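J.: how would this look folded up:
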Amino acid sequence: MAGKEIYIDVIVPALNEQEAIGLVVEDALAQGVRSVVVVDNNSTDATAQVAADAGAVVLRESVRGYGAACLAGIAYLSRMEVPSEVVVFMDGDHADDASQLDELVAPILSGQADMVIGSRVSGKREVGSLMPQQVFGNALATWLLKVLYGQRFTDLGPFRAIRMESLLMLGMKDLNYGWTVEMQIKAVKAHLRCTEIPANYRKRIGVSKVSGTWQGSILAGYKILKTLFKYA
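T.: Take a look at the predicted model:
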C-alpha cells in the first residue's frame with residue numbers, strides 16, 4: 001500500500017475452504033498487507049495446509065463458530081510485538097474482492113472513519129452471490145439497526161475494516177452468527193465513526209455453511225435478531 005508504512009493485518013475465519021482459501025490469501029497479500037491470519041475453525045479438509053502454502057499465518061480454533069475464529073485472530077494480533085493499526089476481516093470463500101482493500105481502509109487511514117463496512121448491497125454483485133433469504137434477512141436487520149440504534153447501514157457484510165484500538169475497546173463476545181451485527185451495534189454505541197463503501201461480491205467457491213442450508217439460514221437469522229434486541 002502506498003504512503004508511509006501502516007500495519008494492516010487481515011483475519012480470515014475458515015471452515016473447510018480448501019478450494020478457495022489459497023486464492024483468498026494470495027489476493028490479500030498482493031495488496032501489501034503485513035499478514036493474512038487464517039483461523040482454521042476445526043476443518044476436516046486441507047484448509048490449513050493450503051492457507052500456509054499460500055503464505056498465511058495459520059491458527060487453529062477448535063471451538064466452531066465465526067465469532068470464535070475472529071476472536072482467536074484478534075488475540076493473536078494483539079500479542080504481536082508491533083500491534084496492528086487496522087484489522088480487515090474477509091471470508092474464506094473468495095466471495096469478497098481483495099482488490100478493494102485499499103478502498104476499504106482509505107477512510108480510516110485518512111482519519112475520516114474508525115470502521116468501514118464493505119456493502120454488498122450498494123456494490124456490484126454476481127448473479128446468485130446472495131441468496132434470497134440473505135437479501136431479506138440483511139434488509140430486515142439493517143432496518144432494525146436504524147430503528148433501534150439510529151445508525152443507517154445497508155449491509156452486515158463480512159468484508160470490513162476497523163482500527164485495532166477501536167476493535168479492542170468494543171469487547172467483542174459473540175462466538176458465531178451474531179458477530180458482524182454485534183460489532184456494528186457496539187461501534188454505534190461507542191460513538192465510532194462508521195461508514196460504508198460499495199463492495200464487489202462474487203459467487204462463493206464451495207457451499208455456504210450458513211446460507212447454503214435452510215437450517216443454517218434460520219439459525220443465523222434467529223441469532224442476528226436476538227443480538228439486535230440484546231443491546232437495545
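
J.: what's the distance between residue 27 and residue 8?
T.: Distance of residue 27 to residue 8, computed by CB to CB, to the nearest Å: 14 Å. Quick note: C-beta positions are derived from backbone N, CA and C, even for glycine.

J.: Likewise for residue 107?
T.: Separation of residue 107 from residue 8 (CB to CB) stands at 13 Å.

J.: One more: residue 85?
T.: Per CB to CB, residue 85 is found 7 Å from residue 8.

J.: And the two? Which one has more around it.
T.: A count of neighbours by other CB atoms under 10 Å puts residue 8 above the other of residue 85 and residue 8, at 25 against 17.

J.: Which positions are bridged to the more buried one in the beta structure?
T.: Beta bridges link residue 8 to residue 86, judged by DSSP bridges.

J.: Show the model's pLDDT score for it.
T.: pLDDT, residue 8: 98.

J.: next one: residue 210
T.: Reported pLDDT for residue 210: 59.

J.: Just give me how far the helix or strand of the chain with the lowest mean pLDDT sits from the chain centre.
T.: When the helices and strands of the chain are scored by mean pLDDT, DSSP states H and E, helix 214-230 comes last with a mean of 83. Averaging C-alpha positions (CA atoms, centre = their mean, to the nearest Å) puts helix 214-230 17 Å from its chain's average.

J.: list the buried ones in it?
T.: Across helix 214-230, burial judged by 16 or more other CB atoms under 10 Å covers 216, 217, 220, 221, 223, 224, 225, 227, 228.

J.: can you put those residues in a markdown table and add distance to residue 201?
T.: Listed next are these as a markdown table, based on distance: CB to CB, whole Å:
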| residue | distance to residue 201 |
| --- | --- |
| 216 | 18 |
| 217 | 17 |
| 220 | 17 |
| 221 | 19 |
| 223 | 22 |
| 224 | 18 |
| 225 | 23 |
| 227 | 23 |
| 228 | 23 |
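
J.: what helices or strands is the least confident helix or strand of the chain leaning on?
T.: helix 132-149, helix 179-189 (3 or more CB pairs under 8 Å, 6 or more residues apart in numbering; DSSP states H and E).

J.: need the helices for this protein, in chain order.
T.: 21-29, 47-53, 66-78, 101-109, 132-149, 164-170, 179-189, 214-230 (DSSP state H).

J.: Give me the nearest residue to residue 204, chain neighbours excluded.
T.: residue 93 (3.8 Å; CB to CB, 6 or more residues apart in numbering).

J.: Equivalent analysis for residue 92, please.
T.: The shortest distance from residue 92 to any non-neighbouring residue, by CB to CB, 6+ apart, is to residue 14 (3.5 Å).

J.: May I have the beta-bridge partners of that neighbour?
T.: The partner residues for residue 14, given DSSP bridges, come to residue 40.

J.: and of the helices of the chain, who's closest to residue 155?
T.: With CB to CB, the closest approach to residue 155 among the helices of the chain belongs to helix 132-149: 6.1 Å.

J.: picking that back up, the least confident helix or strand of the chain versus helix 66-78: what angle between them?
T.: 70 degrees (axes from the mean of the first three to the mean of the last three CA atoms, to 10 degrees).
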